[in-house]
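Colleague: Got a sequence here, can you build the structure:
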Amino acid sequence: MRDNYDFSDSIPNPYTKKLKKQITIRLDEGTTRYFEELAEKKGIPYQSLINLYLKDCADSHRDLTINWG
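Modeller: Numbering: from 1, shown residues only. Below you'll find the predicted structure:
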C-alpha cells in the first residue's frame, strides 16, 4: 500500500444516486406471499418488486388512507 494517494484527477461516482440501503423490515406473511407470487409471474425477485412499488409510491407522493376497522 502507498503512503499517499492522489485523487485530484478523480471523478464522482455516477452510480452514487442508485445505491441501495440495506434495512430490516417486518411484513405480514400475506403481504410477502402476495409480492412473492406476483414477482414469480413477472420474473423478477420479490424484493425488487417491493422496491419498485415503494419507489412508485414515493415518486408520485402517494398518500396513505388508513382504515383500522
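
Colleague: How about the most centrally placed residue in the chain, nearest residue that isn't a chain neighbour?
Modeller: Taking C-alpha atoms, centre = their mean as the criterion, Asn51 is the residue nearest the geometric centre of the chain, at 3.9 Å. Spatially, and ignoring its direct neighbours in sequence, Asn51 is nearest to Lys20 (7.6 Å; C-beta to C-beta, 6 or more residues apart in numbering). Bear in mind the C-beta positions are built from the backbone N, C-alpha and C, glycine included.

Colleague: Count the residues that sit near that neighbour.
Modeller: Number of residues near Lys20 (other C-beta atoms under 10 Å) recorded here: 7.

Colleague: Now do it against Glu36, distance only.
Modeller: With distances taken as C-beta to C-beta, to the nearest Å, Lys20 is found 19 Å from Glu36.

Colleague: Check which element follows the helix or strand hosting Leu38 along the chain.
Modeller: Per DSSP states H and E: Leu38 is located in helix 29-42. Going down the chain from helix 29-42, the next helix or strand is helix 46-59, by DSSP H and E.

Colleague: quick check: mean pLDDT across that following helix?
Modeller: Helix 46-59 shows a mean pLDDT of 95.

Colleague: Check stretch 32-43 too.
Modeller: Here the average pLDDT along stretch 32-43 is 97.

Colleague: residues of it that come out buried?
Modeller: Going by neighbour count (16 or more other C-beta atoms under 10 Å), the buried part of stretch 32-43 is 35, 39.

Colleague: Please shift the residue numbers so they start at 46 in all later answers.
Modeller: Happy to do that; since the first residue is 46 now, the last one works out to stretch 77-88.

Colleague: Contacts for the helix holding Leu83, please.
Modeller: Helix 74-87 has contacts (C-beta atoms under 8 Å, 6 or more residues apart in numbering) with 90-91, 93-95, 98.
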